[in-house]
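> fold the following.
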Amino acid sequence: MEIRDINEIRSAIKYMDYKPVMLAKFYDIKSLLFKEILENEDYYKVASILPNPGNDNKIVKCVNILDKKYMAGREVVDCTKTPGAIPAEAAEILKSIRATEDPASVKLSFGKEMKAEVYMNIPRGNSLTISDMTITPETELTVMNLYNTYYTEGFILALHFDEFAVAIEPSALDGIKGQGDVFVYAMTKNAIYKDFGSRYFDVEAILKYYRG
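Residues are numbered from 1 along each chain as shown. Below you'll find the model as predicted:
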């Protein structure tokens, strides 16, 4: 693939708009998609991105292919209706979370020491992925900067371990603008679980500022 093609694909992905997929709770979809397109010709052929990289429909096809690949073999388990299904090792991480606020921010900390790949996404802002990050009980991750313009729109924070991953995201209730809750997710090789965050930690510091 020529450099010109790569730059056009990067530009198309950068400005693409797509319907939310479950995979986005755990990964930077745009970076993951770009990597897959460069490594797998099937994406390039199926979507026919070039010579019209600005065609969102073609990029969305790639997102759907990506989602199907990573979701293959995984069922989605809604624990908001069936409590207690989240695997114990993931629940242990979620129960160690502490959400605190100060005059400038809302922060999350974890009451244990561990290593994880950390992915954070701020709506209308930047995403960040840190590999092999050491987290201690003293580590604080700022998830809502109250000086950011769109801090009320929430965040996504995901931690990836060897055998599973967990994610935290405030989200609108049934798609209703202005009515939201904090949800947590756990991903294993066989399933993705969704549950209310309040079953694992005190979410009030987040809900105080989140508007959906």
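
> list the residues that contact the spatially most central residue of the chain.
Taking C-alpha atoms, centre = their mean, the centroid of the chain lies closest to Lys25, which sits 2.7 Å from it. In this structure, Lys25 makes contact with Ile156, Ala158, Ala167, Glu169, Tyr185, Met187, Ile192, judged by C-beta atoms under 8 Å, 6 or more residues apart in numbering. For glycine as for every other residue, the C-beta is placed from the backbone atoms N, C-alpha and C.

> for the third one, what are phi and psi?
It refers to Ala167. Torsion angles at Ala167 (phi, psi; degrees, to the nearest 10) stand at phi -140, psi 150.

> residues in contact with it?
Lys25, Phe26, Ile156, Leu157, Ala158, Leu159, Val184, Tyr185, Ala186, Met187.

> next one: the first one
The neighbours of Ile156, taking C-beta under 8 Å, 6+ apart as the test, are Ala24, Lys25, Tyr119, Met120, Asn121, Ala167, Ile168, Glu169.

> next SSE downstream of the lengthiest helix in the chain?
Selection of the longest helix in the chain by residue count, based on DSSP state H, yields helix 56-71. Moving toward the C-terminus from helix 56-71, the next helix or strand (DSSP states H and E) is strand 75-78.

> in whatever helix or strand comes next after that next one, what counts as buried?
Once strand 75-78 ends, the next helix or strand along the chain (criterion: DSSP H and E) is helix 88-95. Taking 16 or more other C-beta atoms under 10 Å as the neighbour-count basis, helix 88-95 is seen to contain the buried residues Ala90, Ala91, Ile93, Leu94.

> these: which two are farthest apart?
Taking C-beta to C-beta, the two most distant members of the buried residues of helix 88-95 are Ala91 and Ile93; they sit 7.4 Å apart.

> show me what contacts the residue nearest to Lys112 when sequence neighbours are not counted?
Distances taken as C-beta to C-beta, 6 or more residues apart in numbering put Ser96 closest to Lys112, at 5.1 Å, once the chain neighbours are dropped. For Ser96, the contacting residues are Phe110, Gly111, Lys112, Phe201, by C-beta under 8 Å, 6+ apart.

> ranking by neighbours, what's the top pick from the contacts of Ala167?
Of all the contacts of Ala167, the most densely surrounded is Val184 (26 neighbours; neighbours counted as other C-beta atoms under 10 Å).

> in a helix, that one, correct?
No: secondary structure of Val184 (DSSP: H, G, I helix; E, B strand; the rest coil): strand, not part of a helix.

> which residues pair with it across the strands?
Ile168, Asp195 (DSSP bridges).

> before we move on, back to that, need the contacts of Lys25 in a markdown table with pLDDT and distance to Lys208, can you?
As requested, these are arranged in a markdown table below (pLDDT from 0 to 100; distance: C-beta to C-beta, whole Å):
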| residue | pLDDT | distance to Lys208 |
| --- | --- | --- |
| Ile156 | 97 | 19 |
| Ala158 | 98 | 22 |
| Ala167 | 99 | 21 |
| Glu169 | 97 | 16 |
| Tyr185 | 98 | 22 |
| Met187 | 97 | 28 |
| Ile192 | 96 | 28 |
